[in-house]
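Q: pasting the sequence and the predicted model now:
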Amino acid sequence: MSEEPTRGHHQNGSGAPRPAPEEEAAAPGPPGPPERSEQPELGIEDILRALSARTAQPGTTDERLDAERDARSSFSRFAQSRISGERVYGGDHIEVVLGQGSRSVRAYQLPAQDIDLALSAFLPPANYPSILRAAESLRVVLVSGAPGHGKYAVAQRLLLDLHHTTLQCLEPGADLGLLEEKSLHPGHGYLLQDRAPGGAVGALSGFELQRLNTVMRAKGCRLIVTLSDGLGSGDPELDRQTFAVQGPPAPQDVFAKHLQWWLGPGRAGRADELLGAPETAVLHTEPSGANTPLGRVAENARLLSRSSGTPAEAVREVGDQASLRDTQEFEKWFNGLADPQTQCLALATAVFGGEAYETVAALAGSLVRCLQPPPTAAHPDRPRHQAFTATRAARLRQVSATLVSESVASRHGGAPARVVRFLDPSMASRVLRTVWDEYDDLRHELPGWLKKCAGHELATVRTRAAVAVGFLAGLSFDSLRTGVLQPWAGSPLAVQREAAATALVMAAENPELAQPVGDLVHAWADGAAPFRATSARAWSVLRRPGEQHDEAVALLHTLADTDRAEVMEAVCLGVTDSLAGSDHAETRDVLDLLRQWVSTRNPRRRAVGQLAFLFSAADLLEDAPAAAGNATRRRWPRLLALAAHDPVRQRDVARLWDAVLHSRESYTAACQVLTEWARAVDADPSGRRALARLLHASASTPLGRRIVLRHVATWHDTDSRATRTAAHILSHFESEGTAR
């Protein structure tokens, strides 16, 4: 009987029966056929050294995934769409699909920053209290008003005031007829901006509205749709649930509130300087004296907050950004940049925005060298004795970018730096798309340049290059698949295989590419060892929101039956990536899979399961809950924090610790990781308690108890960084033993 992961008898996507894990453990078979005898890129010793490095300096996965999320936010499909200046995009979008197949609607979850903005910087219109009272009894609310009256802000705040803490914004023009009870998330609030006369609201009838009310009420949800004046249908039922925004706040008040929020309390002096400057009045007042639309006012305040120049310079930068929202003006702007060096800086900022300026400038320089032949004596790159005139500040102004103080990755950990970012985050996708669509010379060199950047010494740079390839794959999948993704996936270099997987995750954000990307991952899973390793890194793209992830889990389970070191390491890293996320269903499935692997009689899967657990245990960190009266940031191992807050997950993690501590092959590495856990929580009483409870749960047999206590005793005697943890664990075991 072949092994397949499951929690009972059911079938996978191909219809093959899948035995339960109890049957797998009880019915061992002969080990599978040996894999092909190509010379492996690395051995098990290399994997153990990589594990030791992560044990000594955890956080590698979180650092890389943070860079990936930051880069993906610049190319998010929603981040590219701008509706009359309203800020319908955020920083780190979680894109979801409501429904299945052709009966689906895309949405994205509003990030915490947008929620805080709606709570802290919202100024209500005069009739907001009456709208709120009326909306309490309704599950679908239509908010109307003249353009620029802040209807979208009203819609957000209504949902928050009506106790919907998670908000999802439906894609523009979404067909509301496709919203069904089974596709909704319980308790969520949904937003739709409908600005076209023929859009979703124009197609609504009173009957359809009642259906939506029933659907929303059944799941504890609420839908708010904004529409402009003049889109009324004359249907009494629609009119009963439509509320007009009246008495909007003054634009200058909205401008001040948003500017102060974006700058924060630490830069109140800068806010006062900008608000007191007469030049900033143009950002909330039209030349004719009319009021500027509130959405544009709020956006102007955000852009202004990112500038570090004088008030006059800052206002000019905001004006430049506003003019670039027009497509023709944007193309003129890029075409009119002073020289190839400046154009390449704009492109490098699009791809690597968020990295230190020095890094971005160097990468831009490498692109220039790709585009231009080397200088000769007859045609030098710069004439002799010519002064250097292109200052950093001047070049940043030309490309509409600025410097922001952030912590960035370095070869030896994080370090403070001035990173470069566009003033307008949507510029990144527009620059990259424009270059790819319109500039033949740049398009010809772009894939090769990104391939070189994907080998950079900084993991964050490699990640951003891969995300850019994924974005371009959404524009030209076949070209990037054959020219970049396939060579990366079959590379003997792990960093290139990782780049291929990262690019596929980005490409899969395009729903039209979900099937081709999935087919590619399956094809790689049937290939040579490097391709199988890449497939293991990209396994999560097969997941479907709201489903049980059987296809993805089955693929990873199959790939784990290996003794090829590169595939083993890739499975370990793929598991670690998944456990770094906040998807509870995925965490549950991955921990279930690990438990099956460490308890199987298949020695190859058992070894992979033990290593995958230890990689995750060594590398992943999480902010611990704040202790009363203690504002110090505390970092726990993520799996310890998970076990402390969820009794079911505690049993899972305890069983995994029991398995690796009983294993002759993994015992030494497990002791190293466990020691680092003890050191991490030694100064934290709640962390010591959590680790003591977990280890007690893991010691389910007398032998397990002896193994744990013997290792803990070594901390007590010889490790000054884990003495308090050791004492607490020993005391806990003694008290529990006495209680029995």
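A: Yep, that arrived. Numbers count the residues shown, from 1 in each chain.
Q: which stretches of the stretch 351-500 of the chain have low pLDDT?
A: 373-390, 405-417 (pLDDT under 70).
Q: can you give me the helices in it?
A: With DSSP state H, counting those that start in this stretch, the ranges of helices along the stretch 351-500 of the chain come out as 357-371, 392-398, 427-438, 440-453, 459-475, 477-480, 486-489, 494-507.
Q: closest one to Pro249 among these?
A: Taking C-beta to C-beta as the criterion, helix 427-438 is the member of these that comes nearest to Pro249, at 28.9 Å. For glycine as for every other residue, the C-beta is placed from the backbone atoms N, C-alpha and C.
Q: which other helices and strands contact the closest one?
A: helix 60-75, helix 327-335, helix 340-352, helix 440-453, helix 459-475 (3 or more C-beta pairs under 8 Å, 6 or more residues apart in numbering; DSSP states H and E).
Q: what is the mean pLDDT for the shortest one?
A: pLDDT averaged over helix 327-335 equals 72, rounded to a whole number.
Q: also stretch 259-269?
A: Averaged across stretch 259-269, the pLDDT comes to 90.
Q: what's the span of that stretch, first residue to last?
A: 12 Å (C-alpha to C-alpha, to the nearest Å).
Q: okay, now the domains of this protein?
A: Structural domains assigned to the chain are 94-244, 251-324, 633-740, following automatic domain parsing.
Q: distance to Gly455 added to these, as TSV?
A: Putting those into TSV (distance: least, C-beta to C-beta, whole Å) gives the following:
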stretch	distance to Gly455
domain 94-244	29
domain 251-324	32
domain 633-740	29
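Q: nearest to Asp563, out of those domains?
A: Shortest separation from Asp563 across the domains of the chain is recorded for domain 633-740, at 12.5 Å, computed as C-beta to C-beta.
Q: and that closest one, how far out from the chain middle?
A: For domain 633-740, the separation from the chain centroid amounts to 31 Å (computed by C-alpha atoms, centre = their mean, to the nearest Å).
Q: what about that domain, average pLDDT?
A: When the per-residue pLDDT values of domain 633-740 are averaged, the result is 90.
Q: again with stretch 608-628
A: Averaging pLDDT residue by residue across stretch 608-628 gives 85.
Q: give the buried residues for it.
A: Neighbour-count burial for stretch 608-628, counted by 16 or more other C-beta atoms under 10 Å, picks out 608-622, 624.
Q: restrict that stretch to CA atoms and write it as PDB.
A: Taking only C-alpha atoms (Å, rounded to 0.1, in the frame of the first residue of the first chain), the coordinates of stretch 608-628 have been written out as PDB:
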ATOM      1  CA  VAL A 608      12.700  14.400   6.300                       C
ATOM      2  CA  GLY A 609      10.000  14.900   8.900                       C
ATOM      3  CA  GLN A 610      12.500  15.200  11.700                       C
ATOM      4  CA  LEU A 611      14.700  17.700   9.800                       C
ATOM      5  CA  ALA A 612      11.700  19.700   8.700                       C
ATOM      6  CA  PHE A 613      10.400  20.100  12.200                       C
ATOM      7  CA  LEU A 614      13.900  21.100  13.500                       C
ATOM      8  CA  PHE A 615      14.300  23.700  10.700                       C
ATOM      9  CA  SER A 616      11.000  25.300  11.700                       C
ATOM     10  CA  ALA A 617      11.700  25.000  15.400                       C
ATOM     11  CA  ALA A 618      15.200  26.600  15.000                       C
ATOM     12  CA  ASP A 619      14.300  29.400  12.700                       C
ATOM     13  CA  LEU A 620      10.800  30.800  13.300                       C
ATOM     14  CA  LEU A 621      10.200  33.500  15.900                       C
ATOM     15  CA  GLU A 622       7.100  35.300  17.100                       C
ATOM     16  CA  ASP A 623       6.400  38.300  19.300                       C
ATOM     17  CA  ALA A 624       5.300  37.000  22.700                       C
ATOM     18  CA  PRO A 625       2.200  38.500  24.400                       C
ATOM     19  CA  ALA A 626       3.100  41.600  26.300                       C
ATOM     20  CA  ALA A 627       3.400  41.000  30.000                       C
ATOM     21  CA  ALA A 628       1.700  43.300  32.400                       C
END
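Q: what is the neighbour count of Thr668?
A: Thr668 is flanked by 11 other residues according to other C-beta atoms under 10 Å.
Q: so which elements touch the helix or strand it falls within?
A: Counting by DSSP states H and E, the secondary-structure element that holds Thr668 is helix 667-680. Under the contact definition 3+ C-beta pairs under 8 Å, 6+ apart, helix 667-680 sits against helix 44-56, helix 603-619, strand 635-637, helix 647-662, helix 685-698, helix 702-718, helix 723-739.
Q: of these, which is nearest Leu159?
A: The closest of the helices and strands packed on helix 667-680 to Leu159 is helix 647-662. By C-beta to C-beta, the value is 30.9 Å.
Q: hmm, Val681 is touching Arg688, no?
A: Yes. Because the distance of 5.4 Å satisfies C-beta atoms under 8 Å, Val681 is recorded as touching Arg688.
Q: so for those two, which sits in the more crowded spot?
A: Here Val681 and Arg688 are compared on neighbour count by other C-beta under 10 Å; more neighbours surround Val681, at 25 against 22.
Q: and that one, what does it touch?
A: Residues near Val681 by C-beta atoms under 8 Å, 6 or more residues apart in numbering: Trp636, Leu640, Gly687, Arg688, Ala690, Leu691, Thr725.
Q: state the distance from the residue minimising distance to the centre of the chain to Thr502.
A: Compute the mean C-alpha point of the chain, and by C-alpha atoms, centre = their mean the closest residue is Arg69, 3.4 Å away. Distance of Arg69 to Thr502, given as C-beta to C-beta, to the nearest Å: 11 Å.
Q: now do Thr534
A: If you measure Thr534 against Thr502 using C-beta to C-beta, the figure is 10 Å.
Q: same thing with Asp478?
A: Asp478 is 19 Å from Thr502, where distance means C-beta to C-beta.
Q: buried stuff in the helix or strand hosting Asp116?
A: According to DSSP H and E, Asp116 maps onto helix 112-120. Neighbour-count burial for helix 112-120, counted by 16+ other C-beta under 10 Å, picks out Asp114, Ile115, Leu117, Ala118.
Q: tell me which of Asp478 and Thr502 has more neighbours.
A: Neighbour comparison, Asp478 and Thr502: the larger count goes to Thr502, with 29 against 9 (by other C-beta under 10 Å).
Q: wait, that one sits on Leu65?
A: No. With the criterion set as C-beta under 8 Å, Thr502 and Leu65 do not qualify as a contacting pair; they are 9.6 Å apart.
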